[in-house]
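**Q** got a predicted model here, sequence first, then my questions.
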Amino acid sequence: MSRAIRGVKKLQALIQAESQAETARIIQRVQREAGLDLEAAEFYVRSAVLELGSRVLERVLHNVGVGRQDKPRVCADKHLPRKMVSTGVRVKTLQTIVGPVRFARSRYVCPGCGAVEYPGDTLLGVEQTGFSPGLRRLMTRAGLGGAVGGRA
């Protein structure tokens, strides 16, 4: 079994265990309340599930965009090509459909012009933005009043 498959299986097991524990915690909390207020229960369950989703996404993104690159990063922005220098890891908080998610990614700087690149941002499609692709799509739909793809 490859290392990638083992990593996915380990993540799946971790997500399943965490979701089972979270489900039990939610049920206990809702049952502890004196009188069942359905609206309050709905909002509590919704926020707890979204928080769990946020934690799961953070774990999924844990190693995305961090570590050595297969080939050196090169900058040729208005100058001869120069190898970019890694200046460590920076944390970015993304606003996602399930809530804020933090992830660490490698930072590269061009010694010639000072240009900065974050390969992890490029990989995830979040360059120059703090919003995930899914949340950007929802914001676009909301801005269009729900009319996307020719549908009203």
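**A** Yep, it's here.
**Q** drop to CA atoms for contacts and neighbour counts, all remaining ones
**A** Will do.
**Q** show me how far the lengthiest helix in the chain is from its chain's centre.
**A** The residue-count maximum for a helix in the chain (DSSP state H) belongs to helix 3-32. Taking C-alpha atoms, centre = their mean, to the nearest Å, one finds the center of helix 3-32 at 18 Å from the center of the full chain.
**Q** now do that helix, average pLDDT.
**A** Mean pLDDT, computed over helix 3-32, is 78.
**Q** list the buried residues in it.
**A** 15, 19, 22, 23, 26, 30 (16 or more other C-alpha atoms under 10 Å).
**Q** next up, the contacts around the third one.
**A** Okay, so that is residue 22. Applying C-alpha atoms under 8 Å, 6 or more residues apart in numbering, we find residue 22 in contact with 48, 52.
**Q** show me what secondary structure element comes after the longest helix of the chain.
**A** Per DSSP states H and E, helix 3-32 leads on to helix 38-60 as the next helix or strand towards the C-terminus.
**Q** which strands or helices does the helix or strand just after that following helix pack on?
**A** Per DSSP H and E, the first helix or strand lying C-terminal to helix 38-60 is strand 74-75. The contact analysis (3 or more C-alpha pairs under 8 Å, 6 or more residues apart in numbering; DSSP states H and E) places strand 74-75 against strand 82-83.
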